[in-house]
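**Q** I'd like to go over a predicted model; first the sequence, then the structure.
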Amino acid sequence: METQDLIIFREICRTGSLSAAASNLYLTQSTVSKRLTALEKDLDCRLFDRGRGISEAVPTLAGERFLPLARQILSLAEDARAICRQERKQRIRAAAVDSIGSYYLRDFFAGLSLKRPDWEIDLVMSDSGQICRMVRDHEADVGIVNGEAFFPELSVLEILSEDFLVYTRDPAFRGRDRVSPGDLDPASEIYHVYGSAYTAWHQTLFPEGAARGKVNLVHMALELCREDRDWVLLPASVARALLPDGKDLYALDRADLKRKGYLVTSRRPERRELIREFEGLLLEWRKIE
């Protein structure tokens, strides 16, 4: 059983497709298929139901049972390699939504490598749902999310509560400090989702599907605001980072709406002390931020 075969198996499970796994791992589909066949032969069981010409791969019962073991073996193998690379280094695997990790926590992550030079920090950006699954499945040690229906296996700590601001170049708003939802044309919105609570709130004010565009990266929302009447809702931390002069930013007359951010960790973590220290450093940074 080779580590590369386990990586391929895990990626097929994640994507549900041999072709997608091959693309993500920069391998040919024939290589992925051969390595999977070799792994199944080594284990003496079929891991996926698949047929000729069908790229979709559905795990068998054996495949579902083997997945957590494969993840554990890969995690242990990576820990062993880390020891060989540099005995003093500790690796912390973090996953964050872009709108928090790249903006609100930008200085925190930049300073973390200076504050803890003995840490090896792996940081990836993804959506809240995927991050929660990564933490639950021990593919990430800590996750930073907008807020979802959290899994019972996770511990959740609120780390952020901030206002939303409206960005628009509409000359009708010049000279004003605030706008109300009724002032905004839903058909001119560039929509960005910030979690399930935000989606529910948004649907009470604006028709679902009316937005002119939809993105999952906040800096792209500004790029798509090309007409004067276009508008987008930005968390305050994102607005400060992208528009430091504050031009064309307006407060929103809906005090009930807050963007929430959460730190999620496993209730049964593999690196308990390391995660506790990360949490402590984050809370310490928030006090002086």
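**A** Received the coordinates, thanks.
**Q** now the strands for the protein?
**A** Remark: strands assigned in the chain by DSSP state E are 48-49, 58-59, 90-96, 119-125, 142-145, 154-162, 164-168, 178-179, 190-192, 213-215, 231-235, 249-252, 259-266.
**Q** quick one: those as a markdown table, columns for distance to Ser30, mean neighbour count and mean pLDDT too.
**A** Yep, even glycine has a C-beta here, placed from its N, CA and C like the rest. Converted to a markdown table, these look like this (distance: least, C-beta to C-beta, whole Å; neighbours: other C-beta atoms under 10 Å; pLDDT from 0 to 100):
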| stretch | distance to Ser30 | mean neighbour count | mean pLDDT |
| --- | --- | --- | --- |
| strand 48-49 | 16 | 15 | 88 |
| strand 58-59 | 20 | 15 | 89 |
| strand 90-96 | 31 | 21 | 91 |
| strand 119-125 | 28 | 16 | 90 |
| strand 142-145 | 35 | 26 | 96 |
| strand 154-162 | 39 | 15 | 93 |
| strand 164-168 | 48 | 22 | 94 |
| strand 178-179 | 57 | 16 | 92 |
| strand 190-192 | 39 | 22 | 92 |
| strand 213-215 | 36 | 16 | 89 |
| strand 231-235 | 44 | 26 | 94 |
| strand 249-252 | 53 | 17 | 93 |
| strand 259-266 | 37 | 23 | 93 |
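**Q** output these in CSV; the columns should cover distance to Arg65.
**A** Shown next, in CSV, are the strands of the chain (distance: least, C-beta to C-beta, whole Å):
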stretch, distance to Arg65
strand 48-49, 13
strand 58-59, 9
strand 90-96, 24
strand 119-125, 27
strand 142-145, 25
strand 154-162, 22
strand 164-168, 44
strand 178-179, 54
strand 190-192, 39
strand 213-215, 38
strand 231-235, 41
strand 249-252, 49
strand 259-266, 20
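**Q** of these, which is nearest Asn24?
**A** Evaluated over the strands of the chain, closeness to Asn24 peaks at strand 119-125, with 13.0 Å, by C-beta to C-beta.
**Q** where does the stretch 151-289 of the chain dip in pLDDT?
**A** Low-confidence regions of the stretch 151-289 of the chain, defined by pLDDT under 70, span residues 289.
**Q** again, only using 90
**A** 151, 175, 193-210, 213-222, 246, 253-259, 268-273, 286-289 (pLDDT under 90).
**Q** and the residue nearest to Val124 when sequence neighbours are not counted, what does it touch?
**A** In this structure, Val124 finds its nearest non-sequential neighbour in Ala95, 5.1 Å apart by C-beta to C-beta, 6 or more residues apart in numbering. Neighbouring residues of Ala95 by C-beta atoms under 8 Å, 6 or more residues apart in numbering: Leu123, Val124, Met125, Ser126, Gln130, Ile131, Met134, Val135, Ala140, Val142, Gly143, Ile144.
**Q** just the helices in this structure please.
**A** Taking DSSP state H, the helices of the chain run over residues 3-15, 18-24, 29-43, 61-85, 98-99, 106-115, 128-136, 196-205, 218-224, 236-242, 272-288.
**Q** returning to what we had before: TSV for the contacts of Ala95, including distance to Phe9?
**A** TSV is the format used below for those (distance: C-beta to C-beta, whole Å):
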residue	distance to Phe9
Leu123	25
Val124	20
Met125	25
Ser126	21
Gln130	19
Ile131	22
Met134	17
Val135	21
Ala140	19
Val142	25
Gly143	23
Ile144	28
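**Q** go through these and name the one nearest Thr168.
**A** Looking across the contacts of Ala95 and measuring by C-beta to C-beta, the closest to Thr168 is Met125, at 26.4 Å.
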